[in-house]
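In: this one's sequence-less:
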């Protein structure tokens, strides 16, 4: 495997947890990071720019940063305002930032009772985003409202990630420490609940996929194939799921399903898979980040006799916990790591 040349930006003292490209500006990246590897201490939101460099290798520059009282674990750009994004924090808060304003967030919410580990902004209902927390819940938000719109008791253990479907605005998927993927339909009337905790019943999912006997740390929707998801976790394997049997609307609350067909398994990482991300440009291409200090690119439809594994990017010297395809350039990928570096490279 060839190692693609990469450009890097270094943020000493702050280990990275998530990286995201702006949907409005092709050259803008944001990074969520934490001091002391997220175990204790402050967090920092970094804004970086990517510029063309010699030999086709991009060059990165650090534009500005915002400090927070607790570590940041995830972020998501607004789909309606080019300068705004939300962050997920270890103290249970969610903050909305405007990059044209210095120092302070423009809004903050604090309903989760444990770490918020994931945020995602809907690319269909562009005035909504969701959060997922170690308190077992997934919450639906609007940046204009002071409180959450809906709370799902999604799992009985930590929720590591929740994402909107890119195809249907009311469908979300979540993954958890309990080894399952779940798909929820927000239109189901039984989901319209008030304040929640572990003493309340788990919200009925339209479909539950028993994806692994160990923790599922990450998932992603295929951008071209509805109800196709990828998952990754402690078992070191990326699995691709066909969930077309999912039930929608009121039927979901009356007849929740259990199933999902595993279409393929991509093995090769040596340690847990921390992030998977389908390409926004091709239906068969997926990137992954792992605790084995590598970011890898896979094809789910290799040539006859060929390998699913296309590239290994391994200059990082610590856990690689995030990766993100550029929304504008087909072969450009960003990775972030506990080595305090963001790499941008061409596959």
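Out: Here it is on my side, so go on. These numbers were taken from a predicted model, which means no experiment stands behind them.

In: residue 101: neighbour count?
Out: As a burial measure, residue 101 scores 12 neighbours (other Cβ atoms under 10 Å). C-beta coordinates here come from the backbone N, C-alpha and C atoms, glycine included.

In: try the one 4 residues further on
Out: By the other Cβ under 10 Å criterion, the neighbourhood of residue 105 contains 18 residues.

In: that one sits in which helix or strand?
Out: If you go by DSSP states H and E, residue 105 is not part of any helix or strand.

In: residue 87 now?
Out: Applying DSSP H and E, one finds residue 87 within strand 84-89.

In: helices or strands up against that strand?
Out: On a contact count with 3 or more Cβ pairs under 8 Å, 6 or more residues apart in numbering; DSSP states H and E, strand 84-89 meets strand 28-34, strand 43-51, strand 72-77, strand 94-98, strand 116-121.

In: tell me the average confidence for the shortest one?
Out: Rounded to a whole number, the mean pLDDT of strand 94-98 is 98.

In: going forward, begin numbering at 18 instead of 1
Out: Yep, numbering from 18; the last one is strand 111-115 now.

In: got any ranges where the stretch 218-364 of the chain has weak pLDDT?
Out: Applying pLDDT under 70 to the stretch 218-364 of the chain flags residues 264-273.

In: what's the answer for the stretch 18-167 of the chain, then?
Out: 18-22, 70-74.

In: does residue 289 really touch residue 305, like I thought?
Out: No. Counting by Cβ atoms under 8 Å, residue 289 does not reach residue 305; the two are 10.6 Å apart.

In: these two - which one has more neighbours?
Out: When residue 289 and residue 305 are compared for neighbours, residue 305 comes out ahead with 25 against 19, by other Cβ under 10 Å.

In: so that one, which state does it fall into?
Out: Assigned state for residue 305: strand (three-state reduction, DSSP: H, G, I helix; E, B strand; the rest coil).

In: then the one 10 residues further on?
Out: Reducing the assignment to helix, strand or coil with three-state DSSP, the entry for residue 315 is strand.

In: what's opposite it in the beta bridge?
Out: residue 303, residue 326 (DSSP bridges).

In: that one against residue 323, yeah?
Out: No. If you go by Cβ under 8 Å, residue 315 and residue 323 don't touch, sitting 11.5 Å apart.

In: more neighbours, these two?
Out: residue 315 (22 against 10).

In: if I pick that one, what's in contact with it?
Out: Shown in contact with residue 315 (Cβ atoms under 8 Å, 6 or more residues apart in numbering): 255, 283, 302, 303, 304, 305, 325, 326, 327.

In: now render the residues you listed as TSV, adding distance to residue 219.
Out: Formatted as TSV, the contacts of residue 315 follow (distance: Cβ to Cβ, whole Å):
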residue	distance to residue 219
255	26
283	30
302	34
303	29
304	32
305	29
325	35
326	37
327	39
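
In: and the residues you listed, which of them are buried?
Out: Neighbour-count burial (16 or more other Cβ atoms under 10 Å) applied to the contacts of residue 315 gives 255, 283, 302, 303, 304, 305, 325, 326, 327.

In: tell me which of those is nearest to residue 38?
Out: Distances from residue 38 to the buried ones among the contacts of residue 315, taken as Cβ to Cβ, are shortest for residue 304 (12.6 Å).

In: I'd like to know how far the closest one sits from residue 361.
Out: Separation of residue 304 from residue 361 (Cβ to Cβ, to the nearest Å): 13 Å.

In: any shared contact partners between the two?
Out: When contacts are counted by Cβ under 8 Å, 6+ apart, residue 304 and residue 361 are jointly contacted by residue 350.

In: which strand residues bridge residue 226?
Out: Beta bridges link residue 226 to residue 198 when assigned by DSSP bridges.

In: contacting residues around residue 293?
Out: Residue 293 is in contact with 235, 236, 237, 247, 248, 249, 255, 303, 304, 305, counting by Cβ under 8 Å, 6+ apart.

In: closest to residue 62 out of the contacts of residue 315?
Out: Checking the contacts of residue 315 against residue 62 with Cβ to Cβ, the nearest one is residue 304 at 22.6 Å.

In: wait, doesn't that closest one sit right on residue 350?
Out: Yes. With contact defined as Cβ under 8 Å, residue 304 reaches residue 350; the gap is 5.7 Å.
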